[in-house]
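>>> Quick one, structure for this:
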Amino acid sequence: MAATAAGIVATGVGVSLDGHRILSDIDLVVAPGEVVALVGPNGAGKSTLLAAISGDVAISEGSVDIAGRPLGSYSHLALARERAVLTQDNQLSFPFTVGQVVSMGRSPWARTDRYDEDEVAIAEAMVAMDVDQLATRRFTSLSGGEKARVSLARVLAQRTPIVMLDEPTASLDLRHQEDVMRAVRTLASAGCAVLVVVHDLSLAAAYADRVAIVARGTLVAAGPPQQVLTAAQVSSVYGLPVDVTLASGRPVVVPVRERRL
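Next up, the predicted model:
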């Protein structure tokens with residue numbers, strides 16, 4: 001996958017929905033070859049920020065550049081060739097097979113010279129997400145975790161230089177959480193700019209180059225995991241005392257719990 005020159009640049013982004021201020025004055029950059037994890041409490045605005053940066057939610061102030069161009073300058077098709085998005089909603093009304101769902105990721109490249117990549121892109125994405133054995137199954141018959149992996153395989157098959165993922169590890173077991181985050185790192189190693197919403201702070205710390213904490217609609221901190229995910233800062237943002245230790249140089253966040261007698 002070819003890397004873009006500029007990745008994602010969000011400047012002063014604000015979002016208001018139904019008269020309510022959801023996000024205010026957020027600056028965020030995701031460079032090619034980098035994984036940035038968005039973390040924060042429920043309702044902090046993480047998903048709204050990702051949707052605003054992806055173009056799925058209108059911003060009320062500020063600007064977003066994708067691959068060096070203003071977000072609003074792209075047609076729908078041109079934007080789909082620059083960035084792939086995984087939302088939390090993995091539902092489909094029609095009983096498509098898994099193979100058909102993953103192949104939908106290739107639709108932006110129809111009638112282009114990259115059409116020839118379809119077969120390989122689909123096969124590699126399905127293997128990466130461990131869903132190749134489900135190829136003929138109906139998407140509607142899958143478990144929540146299987147649907148999440150198939151949906152991510154669709155995003156991988158799209159082969160865009162910018163990838164945005166909203167809670168891709170939700171509902172996944174331990175092994176598949178690791179598979180997903182390893183795939184995220186592989187994307188970055190190939191030159192992609194990756195923005196990912198993650199609830200598990202230790203998982204975010206293990207795989208992200210930088211962590212951005214969103215709380216109450218603002219960006220509280222952004223930087224390397226070991227600088228951002230301190231016990232004091234996490235405890236303050238989440239309203240819960242935590243201990244932070246290091247494993248292989250990466251923070252592991254554990255709530256402080258009362259000992260059972």
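>>> and the protein, what are its domains?
1-80+163-168+192-261, 83-159 (automatic domain parsing).
>>> Out of these, which gets nearest to E178?
domain 1-80+163-168+192-261 (8.4 Å; Cβ to Cβ). (Each C-beta comes from the backbone N, C-alpha and C, glycine too.)
>>> can you give me the helices for the stretch 151-261 of the chain?
174-189, 201-207, 225-228, 231-238 (DSSP state H, counting those that start in this stretch).
>>> which of these is buried the deepest?
The highest mean neighbour count among those, using mean count of other Cβ atoms under 10 Å, belongs to helix 201-207: a mean of 23.
>>> pLDDT score assigned to the closest residue to T169 other than its chain neighbours?
The spatially closest residue to T169, leaving aside those adjacent along the chain, is Q177, at 4.4 Å (Cβ to Cβ, 6 or more residues apart in numbering). Looking at Q177, its pLDDT stands at 94.
>>> contacting residues for Q177?
T169, D200, L203 (Cβ atoms under 8 Å, 6 or more residues apart in numbering).
>>> returning to that earlier point: could I get the domains of the chain as JSON lines with distance to A183 and mean pLDDT?
Listed next are the domains of the chain as JSON lines, based on distance: least, Cβ to Cβ, whole Å; pLDDT from 0 to 100:
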{"stretch": "domain 1-80+163-168+192-261", "distance to A183": "9", "mean pLDDT": "94"}
{"stretch": "domain 83-159", "distance to A183": "5", "mean pLDDT": "93"}
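>>> and these as JSON lines, adding distance to T186?
Shown next, in JSON lines, are the domains of the chain (distance: least, Cβ to Cβ, whole Å):
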{"stretch": "domain 1-80+163-168+192-261", "distance to T186": "9"}
{"stretch": "domain 83-159", "distance to T186": "8"}
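>>> hang on, the earlier thing: now the helices of the stretch 151-261 of the chain as CSV including distance to E119?
Below are the helices of the stretch 151-261 of the chain laid out as CSV (distance: least, Cβ to Cβ, whole Å):
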stretch, distance to E119
helix 174-189, 19
helix 201-207, 29
helix 225-228, 38
helix 231-238, 45
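>>> Pull the number of nearby residues for C192.
Neighbour count for C192, taken as other Cβ atoms under 10 Å: 26.
>>> That one against I162, yeah?
Yes: counting by Cβ atoms under 8 Å, C192 does reach I162; the two are 6.6 Å apart.
>>> Now A84: which helix or strand?
A84 belongs to strand 83-86 when elements are defined using DSSP states H and E.
>>> So what touches that strand?
By Cβ under 8 Å, 6+ apart, strand 83-86 touches 50, 54, 56, 66, 105, 151-152, 155-156, 158-166, 168.
>>> Could you pull up the residues touching the residue nearest in space to the middle of the chain?
Geometric centre of the chain, nearest residue: L165, 2.0 Å, by Cα atoms, centre = their mean. Listed by Cβ under 8 Å, 6+ apart, the contact set of L165 reads V85, L86, L152, V155, V184, V194, L195, V196, V197.
>>> Top of the residues you listed by number of neighbours, please.
Highest neighbour count within those, by other Cβ under 10 Å: L152, with 29 neighbours.
>>> who touches that one in this structure?
Counting by Cβ under 8 Å, 6+ apart, L152 touches L86, M129, L165, P168, V180, A183.
>>> cool, T11 as well?
T11 makes contact with D27, G62, S63, V64, D65, according to Cβ under 8 Å, 6+ apart.
>>> mind checking which helix or strand it is in?
Short version, using DSSP H and E: T11 is in strand 8-17.
>>> Give me the next element, helix or strand, following that strand.
strand 20-30.
>>> The protein: strands as residue ranges?
8-17, 20-30, 35-39, 61-66, 69-70, 83-86, 162-166, 193-197, 210-215, 218-223, 242-247, 250-255 (DSSP state E).
>>> Tell me which of these sits nearest to A121.
Among the strands of the chain, if distance is taken as Cβ to Cβ, the winner is strand 83-86, at 11.5 Å.
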